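In: my questions are about this predicted structure, shown below with the sequence.
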Amino acid sequence: MNPQALLRRMFDAAIASAQPALCVPRFLPDLAEVRGRVIVIGAGKASAAMAKALEDHWRGRGLERVEGYVVTRYGYDAPCERIEIALAAHPVPDAAGEAAARRMLQRVTGLSADDLVICLISGGGSALLPLPGPGLTLQDKQDINRALLASGATIGEMNTVRRHLSAIKGGRLAAACHPARVLTLLISDVPGDRPIDIASGPTVADPTSCEDALAIVRRFCIRLPDAAQELLQSGRGESVKPGDPRLARARTEIIAAPQLALEAAAGVAREAGYAAHILGDSIEGEAREVGKVLAGIALQVAERGQPFTPPCVLLSGGETTVTLRGTGRGGRNVECLLAQAIALDGHTRVYGIGGDTDGVDGAEEIAGALIAPDTLARAWALGIRPRDELANNNGHGFFQRLGDSVVTGPTNTNVNDFRALLIEPTGDAAPAPEDPHAPHA
């Protein structure tokens with residue numbers, strides 16, 4: 001099979017493994033055991049698909065008792081009968097998201113101990129539930145979110161700040177449901193699968209503090225609006241902590257995660273005759289640096305047969321970060337891939353793919369891209385200078401001009417980034433292409 005076609009099959013398998021229709025039903029309770037109301041809420045890029053999976057499972061089993069309200073990204077809605085779907089912006093929040101968050105809190109007020117709340121959460125929920133903390137405005141939240149996205153902070157660091165500037169995250173949504181029972185079903189998109197970092201943990205207790213958030217703000221030189229600075233310094237932005245009695249009846253289940261997606265891709269590789277090695281499901285760091293490291297491992301495999309023997313596939317997941325230096329169109333996956341291509345320097349037996357499993361890398365409807373031994377040579381032939389494109393954070397622009405972008409459309413799930421490097425068996429190697437722009441001795 002063509003190496004690039006195989007890589008794309010692996011990416012598709014990773015996405016398919018995390019589809020809500022497969023993951024949601026086995027975690028749903030028996031409605032006959034619920035004496036009170038059944039309310040479904042949720043947020044994230046997969047939340048509408050999760051809601052539909054729930055309705056499909058309960059149709060004919062008491063679905064008429066269910067009511068609900070979830071918010072997802074524009075273009076990611078799904079047809080539901082009993083659960084209302086709201087649409088809002090991601091990754092920078094908008095007024096529709098703020099309105100949805102307020103309405104969600106209203107839907108869970110005044111519940112009884114007999115009621116059940118099922119909360120469907122996936123990646124993207126932080127931006128889709130932008131309810132400002134006391135004294136803050138939506139504009140403040142938008143400005144802070146942009147600054148966080150450009151800072152190079154990890155997802156865990158960004159969400160620590162977000163939790164303490166929110167009126168709904170950091171356990172506050174679950175606290176609002178008290179005394180009802182709360183079951184949260186999570187599709188993880190974060191390294192380590194920590195529930196507090198998935199959509200900034202609206203239904204789980206938060207062990208971090210306002211002081212932790214301030215330390216992150218200082219570390220990355222993020223300028224906060226005065227109201228946000230005061231909210232953190234005063235401690236008024238403190239979130240719901242472990243042991244809070246309002247969360248005593250809250251339970252959380254992770255129903256899909258990056259590791260499972262990598263294992264699905266590994267199965268596809270093995271069926272095609274390639275050994276599959278998972279390097280890690282929670283690799284973080286600056287995207288271009290991670291790309292260089294992964295390329296270095298692939299070169300060692302290709303040239304030395306260490307630590308693995310080709311033919312093989314190296315799989316990894318996680319969430320890298322990009323510190324914006326240029327003005328190009330990019331995302332963390334294409335930034336990582338472009339750095340890989342440059343480091344591989346046209347090696348004749350290494351191919352790669354990288355993409356976000358939600359179908360959106362950065363802010364564009366492009367999941368990621370593919371690289372091949374001729375990636376650099378084709379770029380130079382078009383007058384494109386790969387190193388300049390990387391310096392300008394223009395990964396999407398680079399790969400689109402080559403026709404190597406990966407476009408999936410809405411995938412209805414989100415289990416973080418997917419990366420694979422395929423190393424072909426040893427054979428006669430052609431000389432690497434020469435960079436016409438490289439300085440000569």
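Out: That came in fine, so what should we check first? In this text, all values refer to a predicted model and were calculated from it rather than measured experimentally.
In: shouldn't Met158 be in contact with Arg146?
Out: No: using C-beta atoms under 8 Å as the test, Met158 is too far from Arg146 to be in contact (11.4 Å). Bear in mind the C-beta positions are built from the backbone N, C-alpha and C, glycine included.
In: low-confidence stretches in this protein?
Out: When residues are selected by pLDDT under 70, those of the chain lie in 427-441.
In: please name the nearest non-neighbouring residue to Asp94.
Out: Ala88 (5.9 Å; C-beta to C-beta, 6 or more residues apart in numbering).
In: which is the next helix or strand following the longest helix seen in the chain?
Out: Scanning the chain for the helix with the most residues, using DSSP state H, yields helix 287-304. Moving toward the C-terminus from helix 287-304, the next helix or strand (DSSP states H and E) is strand 312-318.
In: now for that following strand, which elements pack on it?
Out: Applying 3 or more C-beta pairs under 8 Å, 6 or more residues apart in numbering; DSSP states H and E, we find strand 312-318 packed against helix 258-271, strand 275-283, helix 287-304, strand 417-423.
In: can you redo those as JSON lines with distance to Gln142?
Out: Shown next, in JSON lines, are the helices and strands packed on strand 312-318 (distance: least, C-beta to C-beta, whole Å):
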{"stretch": "helix 258-271", "distance to Gln142": "28"}
{"stretch": "strand 275-283", "distance to Gln142": "29"}
{"stretch": "helix 287-304", "distance to Gln142": "23"}
{"stretch": "strand 417-423", "distance to Gln142": "24"}
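In: mind listing what's buried along the longest helix of the chain?
Out: Buried positions in helix 287-304, judged by neighbour count with 16 or more other C-beta atoms under 10 Å: 287-288, 290-295, 297-299, 301-302.
In: quick revisit: Ala213: which of the helices and strands packed on strand 312-318 is closest?
Out: strand 275-283 (22.0 Å; C-beta to C-beta).
In: how about the secondary structure of Phe11?
Out: helix (DSSP: H, G, I helix; E, B strand; the rest coil).
In: what is the burial count for it?
Out: 25 (other C-beta atoms under 10 Å).
In: that one reaches Ala264, doesn't it?
Out: No: assessed by C-beta under 8 Å, Phe11 is found out of contact with Ala264, at 10.2 Å.
In: so what sits against both of those two?
Out: Both Phe11 and Ala264 lack any common contact, where contact means C-beta atoms under 8 Å, 6 or more residues apart in numbering.
In: contact partners for the nearest residue to Arg59 once chain neighbours are set aside?
Out: Among residues not flanking Arg59 along the chain, Glu81 sits closest, at 8.0 Å (C-beta to C-beta, 6+ apart). Counting by C-beta under 8 Å, 6+ apart, Glu81 touches Glu55, Arg59, Leu63.
In: more neighbours: Met158 and Arg146, which one.
Out: Neighbours per residue (other C-beta under 10 Å) separate Met158 from Arg146, with Met158 holding more: 23 against 13.
In: now the more buried one: how far from Arg61?
Out: Between Met158 and Arg61 the computed distance is 39 Å (C-beta to C-beta, to the nearest Å).
In: can you check Cys119 too?
Out: 20 Å.
In: who has more neighbours, those two?
Out: Neighbours were counted for Cys119 and for Arg61 using other C-beta under 10 Å; Cys119 has more, 30 against 12.
In: pretty sure that one is touching Gly171, no?
Out: No: the criterion here is C-beta under 8 Å, and Cys119 misses it with Gly171 at 11.6 Å.
In: shared neighbours of the two, anything?
Out: Going by C-beta under 8 Å, 6+ apart, residues that sit against Cys119 and also against Gly171 are Pro202, Thr203.
In: related to what we said a few turns ago, against which helices or strands is the longest helix of the chain packed?
Out: strand 275-283, strand 312-318, helix 332-344, strand 350-356, strand 417-423.
In: outside of whichever strand or helix holds Ala16, which residues touch it?
Out: Using DSSP H and E, Ala16 falls within helix 3-17. With contact meaning C-beta under 8 Å, 6+ apart, helix 3-17 is reached by 1, 256, 260-265, 267-269, 272, 274, 313, 315, 351-353, 355, 357, 367-368, 370, 372, 406, 408, 411, 413, 415, 418, 420, 422, 424.
In: go again with 6 Å.
Out: 260-261, 264-265, 268, 272, 351, 353, 355, 357, 370, 411, 418, 420, 422 (C-beta atoms under 6 Å, 6 or more residues apart in numbering).
In: bridge partners for the closest residue to Ala266 other than its chain neighbours, pull those for me.
Out: Of all residues not flanking Ala266 in the chain, Ala276 sits nearest, at 3.6 Å (C-beta to C-beta, 6+ apart). In this entry, Ala276 is beta-bridged to Val313, by DSSP bridges.
In: what is the burial count for Ala276?
Out: Neighbours of Ala276 (other C-beta under 10 Å): 22.
In: was I right to think it contacts Arg270?
Out: Yes: using C-beta atoms under 6 Å, Ala276 makes contact with Arg270 at a distance of 5.5 Å.
In: might you calculate how far stretch 243-251 sits from the centre of the chain?
Out: Distance of stretch 243-251 from its chain centroid, counting by C-alpha atoms, centre = their mean, to the nearest Å, is 27 Å.
In: any idea how far Tyr274 is from the closest residue to Ala95 other than its chain neighbours?
Out: Nearest residue to Ala95, sequence neighbours excluded (C-beta to C-beta, 6+ apart): Leu138, at 6.1 Å. When distance is defined by C-beta to C-beta, Leu138 is 49 Å away from Tyr274.
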